[in-house]
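Engineer: Provided below for reference: sequence and predicted model.
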Amino acid sequence: MRFKGQKIVIIGGSSGIGLATAKMAAAEGAAVVIASRSEERLQRAKSGIEGDVEVLTVNVVDEGSVKAFFDKVGEFDHLTTPGNEAAMGRFLEMDTKTARAAFDSKFWGQYQAAKYGATRLRSGGSITLFAGIWSQRPVAGGTVVTAINSAIEGLGRALAMELAPIRVNTVSPGIVDTPIFSTMPPDAKESMFKEVAASIPVKRIGKPEEIAKTVLYLMSNGYATGSTLYVDGGATLR
Ligand SMILES: NC(=O)c1ccc[n+]([C@@H]2O[C@H](COP(=O)([O-])OP(=O)(O)OC[C@H]3O[C@@H](n4cnc5c(N)ncnc54)[C@H](OP(=O)(O)O)[C@@H]3O)[C@@H](O)[C@H]2O)c1
């Protein structure tokens with residue numbers, strides 16, 4: 001019961017890595033707030049989580065929504081921000097509007113969450129941001145996401161200095177099987193997973209729980225700040 005008596009806010013708690021984190025944090029005694037844009041998805045997620053769970057909607061792209069969200073949350077202990085989306089696309093073909101929208105969600109969304117969440121954090125509090133290993137191992141068609149992930153890793157290090165004693169860390173996952181890939185045709189997804197798995201030391205795709213463990217580790221370790229943890233089955237070694 002590492003988190004008994006603590007309140008943990010998970011923006012993106014309705015799906016994938018955020019949902020796995022919410023389940024694990026609640027099982028470890030935390031009062032969990034799960035947040036995302038869709039009340040319906042949040043309620044569905046809540047029904048699968050055992051423990052103390054509150055549901056609140058927020059759209060991280062909208063600064064007013066983020067501000068109002070933290071007004072409702074009040075004081076809390078730890079924040080994590082896997083709730084965002086960033087489109088893929090070839091650099092020369094993707095229109096700049098789509099690229100900017102990706103930054104609005106994954107970069108500025110986390111920036112705004114950190115900004116309005118930080119002032120509500122209790123002593124000993126932490127923020128865990130989400131990047132992704134393309135910051136280190138870019139792929140064609142992922143240029144904008146690579147740029148965002150690199151920016152998030154820099155933001156995490158800078159905020160660890162500026163917001164201290166609040167601890168700020170970043171998790172940079174490899175390919176993890178979550179609904180993020182639900183818009184891909186099943187065959188394309190399967191062959192992408194196979195190809196990635198074959199190319200990395202662990203020879204398989206990651207599970208959301210394996211990233212959730214990392215988030216809870218960073219929240220609970222009082223000496224961890226300014227770190228970026230690559231949890232990627234060894235993909236950065238390729
Ligand atoms: N899965 C991977 O392979 C992988 C690899 C590298 C990095 N990552 C990063 O890990 C994080 C979590 O990914 P995941 O795979 O768990 O994704 P996911 O299953 O698609 O979940 C995304 C979550 O974000 C919420 N969300 C999206 N846009 C939002 C917005 N504007 N405001 C508030 N909430 C929003 C979604 O809920 P609503 O739709 O209800 O808003 C959902 O709860 C992301 O930052 C992703 O880039 C994932």
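Structural biologist: Structure's in. What do you need? Small disclaimer: the values here were computed from a predicted structure and weren't measured.
Engineer: Does the ligand have contacts with stretch 96-107?
Structural biologist: Yes: Stretch 96-107 lies within reach of the ligand by Cβ under 6 Å from any ligand atom, at 105, 106. In this view, the C-beta of every residue, glycine as well, is placed from N, C-alpha and C.
Engineer: How about that stretch, which residues are buried there?
Structural biologist: 99, 101, 102, 103, 104, 105, 106, 107 (16 or more other Cβ atoms under 10 Å).
Engineer: cool, stretch 110-122 as well?
Structural biologist: The neighbour-count check on stretch 110-122 (16+ other Cβ under 10 Å) flags 110, 111, 112, 113, 114, 115, 116, 117, 118, 120, 121 as buried.
Engineer: Could you provide the buried residues of stretch 96-107 in JSON lines, with additional columns for pLDDT and secondary structure?
Structural biologist: Converted to JSON lines, the buried residues of stretch 96-107 look like this (pLDDT from 0 to 100; DSSP: H, G, I helix; E, B strand; the rest coil):
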{"residue": "99", "pLDDT": "98", "secondary structure": "helix"}
{"residue": "101", "pLDDT": "98", "secondary structure": "helix"}
{"residue": "102", "pLDDT": "98", "secondary structure": "helix"}
{"residue": "103", "pLDDT": "98", "secondary structure": "helix"}
{"residue": "104", "pLDDT": "98", "secondary structure": "helix"}
{"residue": "105", "pLDDT": "98", "secondary structure": "helix"}
{"residue": "106", "pLDDT": "98", "secondary structure": "helix"}
{"residue": "107", "pLDDT": "98", "secondary structure": "helix"}
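Engineer: Would you mark the buried spots in stretch 189-203?
Structural biologist: 193, 196, 200.
Engineer: thinking again about what came up before, list just the nearest of the buried residues of stretch 96-107 to the ligand.
Structural biologist: Proximity of the buried residues of stretch 96-107 to the ligand was ranked by Cβ to the nearest ligand atom; the top entry is residue 105 with 5.0 Å.
Engineer: Could you check how far the closest one is from residue 154?
Structural biologist: 18 Å (Cβ to Cβ, to the nearest Å).
Engineer: before we move on, what about residue 220?
Structural biologist: Separation of residue 220 from residue 154 (Cβ to Cβ): 24 Å.
Engineer: Does the strand ranked longest in the chain reach the ligand?
Structural biologist: In the chain, assigned by DSSP state E, the strand with the most residues is strand 121-130. Yes: Strand 121-130 lies within reach of the ligand by Cβ under 6 Å from any ligand atom, at residue 130.
Engineer: Now the element after that strand, going C-ward?
Structural biologist: helix 143-162 (DSSP states H and E).
Engineer: which residues are in contact with that following helix?
Structural biologist: The contact list for helix 143-162 (Cβ atoms under 8 Å, 6 or more residues apart in numbering) reads 86-91, 94, 99, 102-103, 106-107, 110-111, 114, 118, 127, 129-135, 138-139, 166-170, 172, 225-226, 228.
Engineer: hmm, that helix touching the ligand?
Structural biologist: No: using Cβ under 6 Å from any ligand atom, helix 143-162 stays clear of the ligand, coming no nearer than 7.3 Å.
Engineer: Quick one: work out the angle between the following helix or strand past that helix and helix 143-162.
Structural biologist: Remark: after helix 143-162, the chain's next helix or strand is strand 167-173, criterion DSSP H and E. If you take axes from the mean of the first three to the mean of the last three Cα atoms, to 10 degrees, strand 167-173 sits at 160 degrees to helix 143-162.
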